[in-house]
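Novice: turn this into a structure:
(chains A and B)
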There are 2 protein chains.
Amino acid sequence: MNPDNSVLRALLNPRSLAVFGASGDPAKFGGRVMHFLLKHGYRGRIVPVHPSAKEVLGIPAVAQLSAAGEPVDVCLLALPAAHLAQALEDCGRSGARGAVVITADFAETGPEGAARQQVLVDIARRHGLRIIGPNCLGYINPHLNLALTSSVALATEPMPRGDIGLACQSGSLMASLISHAQDCGAGFSVAATVGNQADIGLCDLMEYFIEDAATRAICLYVEGLKDGARFLELARRARAAGKPVLAVKAGRSTAGERLTQSHTASLAGSYAVWAAACRDHAVILLDDPEALIYCADFLVRFGAPARSTVAVISPSGGTVAVTGDRVSTAGLVLAEPGAETRAALSAMLPPGRLINPLDVGGLPRSSGLDSALTAYELLAKDPAVGAILIAVATTPQLEDKVRQWGRAAIAGGKPTALLLTPGTLVDGARRALREIRCPYTNRLDDALRVLRAAVDYGAALRDPPPPAAPSPRAAGVCRMADGLPEGRLTEPETKALLREAGIRTTEDLLAPTPDAAVEQARRIGFPVVLKGVCRQLVHKSEAGAVRLGISDEAALREAWQQIVRGLEAHLPGATLEGCVVQPMLSDGIELIVGCRWDEQFGPVVVVGSGGVLVEILDDVQMAVAPVSVAHAGRLIAALRIAPVLAGARGRRPADIEALADAVARLSELAAALGPRLAELDINPLLVRESGHGVIALDGRATLTGKTL
Amino acid sequence: MNPDNSVLRALLNPRSLAVFGASGDPAKFGGRVMHFLLKHGYRGRIVPVHPSAKEVLGIPAVAQLSAAGEPVDVCLLALPAAHLAQALEDCGRSGARGAVVITADFAETGPEGAARQQVLVDIARRHGLRIIGPNCLGYINPHLNLALTSSVALATEPMPRGDIGLACQSGSLMASLISHAQDCGAGFSVAATVGNQADIGLCDLMEYFIEDAATRAICLYVEGLKDGARFLELARRARAAGKPVLAVKAGRSTAGERLTQSHTASLAGSYAVWAAACRDHAVILLDDPEALIYCADFLVRFGAPARSTVAVISPSGGTVAVTGDRVSTAGLVLAEPGAETRAALSAMLPPGRLINPLDVGGLPRSSGLDSALTAYELLAKDPAVGAILIAVATTPQLEDKVRQWGRAAIAGGKPTALLLTPGTLVDGARRALREIRCPYTNRLDDALRVLRAAVDYGAALRDPPPPAAPSPRAAGVCRMADGLPEGRLTEPETKALLREAGIRTTEDLLAPTPDAAVEQARRIGFPVVLKGVCRQLVHKSEAGAVRLGISDEAALREAWQQIVRGLEAHLPGATLEGCVVQPMLSDGIELIVGCRWDEQFGPVVVVGSGGVLVEILDDVQMAVAPVSVAHAGRLIAALRIAPVLAGARGRRPADIEALADAVARLSELAAALGPRLAELDINPLLVRESGHGVIALDGRATLTGKTL
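Specialist: Numbering: from 1, shown residues only, chains lettered A, B, ... in the order given. Purely as a prediction, here's the structure:
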């Protein structure tokens, strides 16, 4: 176990605790906390801290924790901000191991709040105290009957005990998820909020859950991560430990991004990078908080499907038609059951019925057995079927049928999503499934999320995990970068870096004068391209500094003058360092390949469609760098333009191997340079036909003075 | 009122009814029907028909309905198939107006079942009886306390009475929706199943609902329509009557399409055509049956939003971040409240909080008022806000807060989607909203569906309805088609039709010999294109019958020979009628424009991206023909390639006006020719820069001998 984690373990599994702001009044934060502690039956020592009261709800209170004898494991602080520092000093002096700070109005409100938060952190550091919060809502540990929170969700009993670990950056979302878990029969090892993450953060809880024997799946509600690299390292460990990690991330849209800032003082970071990192590390990314619980519970009960195929069963013809449509449009693949299964099912069915999706409505009982159950069992034992969706419809004896299906699913172990209809008519069936601990959902949207998550998780586990450390292939670029200036690089400088990384570029030489340009053009052979080189210029095309299809010397000299005039008009006073002369190349498909430094995850590599397609396709794939050639190949295969690269409609295939190699090499370059390389774009990278390689036609980059 | 509809009105609003197969045993179909009739308190006359029993559940029974005196309005037939014909004869002799046939095993099982079904229809016709079913589950009319169905959904009380008319092709889906409506506080004027639609179909029910004063919204679950044109005509009438029509259509995927056939003997038809027809006729197409009820209830309560913008409120920072993200990714537009609203809200909020989506968590009461409610009312009265989503979180005094919000929404009338969390903790809030008849949902997916449906319906009502009758502009094409053979047309024949419809094409003349081709090429000017003309040939390119970039006479003669050899290899024995010579044109953007005859909706026009984009973009828009130029313009604007046509990245815009004109003209051609034109494709249609028009470079078509 990580030694730091033993403190967190004590905070989340306390033998004793203190409540600052304890009260008998359930309308107050500290009153609800005391009520929940007693109501749910926490068995450790409770020390109410109150300036004047002798006891709270019958428990002897103290005015100062440091006067209360043996140190407690954790202190809950639900106090007005003005009293907080003093209380935290008291916690520290008393020898407590940590504090849960509910109080809000800190870093989430801006710089002044951040300064107030730093004061708390400084006090805690001085005393060796760990802090959860501030601006959090505490946690529950149902295995200890411990609700160290003021959330109204704890008003209902019992606390949902189970094997899901939840780390949540929103207090009210934790409350909703506790209520939701109660409702659907799932439960938590620990559910905790982290608020502003002034000290203990999401990753600390994630590490705790990886090491916690009572936790079998890890759910995260994330507004912002403090350390993306640590998150990915923990994702690797969770994968190795066989514990699925499921996450919802706020801040996908601009509005969401700004909201996370004012909610828990989190920088949302790039959602696209986050999504790519999750995909590559088998972290299941969901768009809905309640779905965390549905999917985690499903994976804990059934594990991941061995194959990415789905069979659909329903006793309602209408439901099976709608469900079959939705499974297909959700991109899930309908299983094709084997010959034996088909024969056995066909023998039971009226003529003309499909095998999958399968309408089991109105089948007669066969040999005294329920045919719908027999049909399920036939599909469940077929290895061609990865997972099964049973869409239950309102029929007579519903509760019995659902219980039978649930028992068969749990006993057989085939991942099976039971979908009930939402009305009260089905409440009996819901109770029956909760009793046997069989997961279910009430809406098709959620059943599809569960299947998608399970299938994707299974597929991710079949891919090798991405490498943890960069390869040394790109060491040379570091030496070269040492000789380059900070800020924007020119096209020749950028291409020199690329060549050092082993990526082919046009062999541009800087021509300082028109005469030199003419000489180069003659060597290359007309027609040529002429581009102005100017460090201050960001978009060459907009300044008219890119001249294509120059067919002779006169045109070249005229183009030079046009570049000079264009630069003067666009960026008065800027210095033209010269021009580069390049051959006219168009014998291939133009892609964009680039990399950039991401504040949360570090180096990121990007590949996407170029040219006119950029405007109409959002056709980009990315990954945290470095990536292997095989991984780069998977990114390329996921592009929408992939069929064109592969040679659709009788065209010759493009050199996808060379493209993957270039993407991998650029990713190594990005990983080697780290934060020194803010961004680098090859636009376009010309991908020629198979066997003819790729070539960077243009490139730009920005270096910084930053190091790790 | 449609006179046919008065019979349907009597069937659905009977003063008296007979139950064939009546029984006292609730395990039997006819037993459940009798129990439900008594339990829910139907007040009309009930005549149980039973071969031997003197009474059923205390009601005097008869052995023959025709011996029972005064004719009943409707008979329910829940009998084994073998007794059905005899019973239907009895119904007819008794003078009953119609029959609801529950019994299955008819057209849905194949040709033999279809023949059995025809026998029933013949009996009914002979007696002037109307039939609902067979293979249906009856209906409910809650305003008469009448449940004429055996569905177990009616086991719970009370029947959900309300203003939604439901016509459903699946019995068990109707049952689920009755249970769902009970659960969410919505209700029905009538909910009916139509089964195999042997006589009364979905469109008949739709017409009934349009004319029925108790119905304010119409919900349809459709597997297959019998008459697309009638459906669209009814959609126009429903729109004029101010009654929203909402539909779920099965058969979107291949599997779903095959399932509808075996479920209710319905041909699913093309989902894409269906979706386009719905969009153009303000029919709200949903992907989920339960969503029908959510969306219909919402539209009945609030009407359509005046603007397509959404404001989001939640007292949970986490929920508002997630919800803001989902609203954006669902393609809904976040409202930008006006200056007055912003100022009033800013005065209430801590610094740094966004106005929309709006986190109203932890706001102090202001002048004794709940600030969250004040914030809602500020947004609700802002005309820049079309609709509001309130995402409720678990907080103290939840029930009171939710009731306040609900009351404010109902009183103010601003379309407001209240989203509750799913757990039992929120059951009190759900009850509170049902009491005041304020719609709500429990999952964000459904709240987004409701908002999407409301916003799209509002937007559709702001577009003019499509014209009902074809324009006469294309009359000339009918005369020309009279002179053309059935089957595949050649490229010159197709282009002649297009020119007759006013669409510009290349001026191809058929060259019967190489010499004639050379002469034409000289007239046009090299380089040229040479294409073989052969009626039997479907794909010219695959047979090598299209030769591009021919630069001189020798190359032209060689190309002719290549076409001859290619045709011999590809289609031995086929006759080359000659070749056409065309100029090499590439100064524009290639699109595909076409039309085809759809079995359900008749003529359909299609426009989409052409060239290499076809392979990677599913970029097609379609509409039932004819379309106006303005409507064609909306189809073009909805293409993914639209930004390229509009002149992205400094390119000159394409001639979108000419393109829209060509699409409209082709749609008129399609409407004029009707089923005689199986299909016609212009591929490619070259769209030149603005002011330079469009030109059809190639075309193919197939004529049939069919007429309407």
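Novice: ok, now how distant is A:Ile59 from A:Leu38?
Specialist: A:Ile59 sits 8 Å away from A:Leu38, going by Cβ to Cβ, to the nearest Å. For every residue, glycine as well, the C-beta is placed using N, CA and C.
Novice: kindly report the same for A:Ser346.
Specialist: The value you get for A:Ser346 to A:Leu38, if Cβ to Cβ is used, is 62 Å.
Novice: ok, now A:Asp359?
Specialist: Taking Cβ to Cβ, one finds A:Asp359 at 54 Å from A:Leu38.
Novice: may I have the beta-bridge partners of A:Leu148?
Specialist: Each beta-bridge partner of A:Leu148 is listed here: A:Tyr139, as defined by DSSP bridges.
Novice: show me where the stretch 151-300 of chain A has its helices.
Specialist: A:171-184, A:202-211, A:228-240, A:254-264, A:271-280, A:289-302 (DSSP state H, counting those that start in this stretch).
Novice: nearest residue to A:Ile589 in space, please, no chain neighbours.
Specialist: Leaving aside its chain neighbours, A:Ile589 sits nearest to A:Val687 (4.9 Å; criterion: Cβ to Cβ, 6 or more residues apart in numbering or on different chains).
Novice: can you give me the end-to-end span of stretch A:575-586?
Specialist: Across stretch A:575-586, the terminal residues are separated by 30 Å (Cα to Cα, to the nearest Å).
Novice: average pLDDT across it?
Specialist: For stretch A:575-586, mean pLDDT rounds to 90.
Novice: now the common contact residues for A:Ile59 and A:Leu38.
Specialist: Contact criterion Cβ atoms under 8 Å, 6 or more residues apart in numbering or on different chains; residues shared by A:Ile59 and A:Leu38: none found.
Novice: just for chain A, where's the confidence low?
Specialist: By pLDDT under 70, the low-scoring segments of chain A are A:1-4, A:255-257, A:259-269, A:365-369, A:467-474, A:612, A:614-615, A:649-650.
Novice: any idea which residue of it is furthest from its center?
Specialist: A:Ala554 (56.1 Å; Cα atoms, centre = their mean).
Novice: buried sites along the helix or strand where it lies?
Specialist: Element membership for A:Ala554 (DSSP states H and E) is helix A:553-570. Within helix A:553-570, the residues scored as buried using 16 or more other Cβ atoms under 10 Å in any protein chain shown are A:555-557, A:559-560, A:563-564, A:566-567, A:570.
Novice: tell me what that helix is packed against?
Specialist: helix A:514-524, strand A:528-533, strand A:546-550, strand A:578-583 (3 or more Cβ pairs under 8 Å, 6 or more residues apart in numbering or on different chains; DSSP states H and E).
Novice: neighbouring strands - and their directions - for the second one?
Specialist: Going back to what we said before, that points to strand A:528-533. strand A:546-550 (antiparallel), strand A:578-583 (antiparallel).
Novice: can you put these in CSV and add mean neighbour count and distance to B:Arg652?
Specialist: Listed next are the strands paired with strand A:528-533 as CSV, based on neighbours: other Cβ atoms under 10 Å in any protein chain shown; distance: least, Cβ to Cβ, whole Å:
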stretch, mean neighbour count, distance to B:Arg652
strand A:546-550, 17, 17
strand A:578-583, 22, 26
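Novice: can I get those in a markdown table including distance to B:Ala521?
Specialist: Converted to a markdown table, these look like this (distance: least, Cβ to Cβ, whole Å):
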| stretch | distance to B:Ala521 |
| --- | --- |
| strand A:546-550 | 28 |
| strand A:578-583 | 34 |
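Novice: does A:Cys219 touch A:Ala296 like I think?
Specialist: Yes: A:Cys219 lies in contact with A:Ala296 (Cβ atoms under 8 Å); the separation is 5.2 Å.
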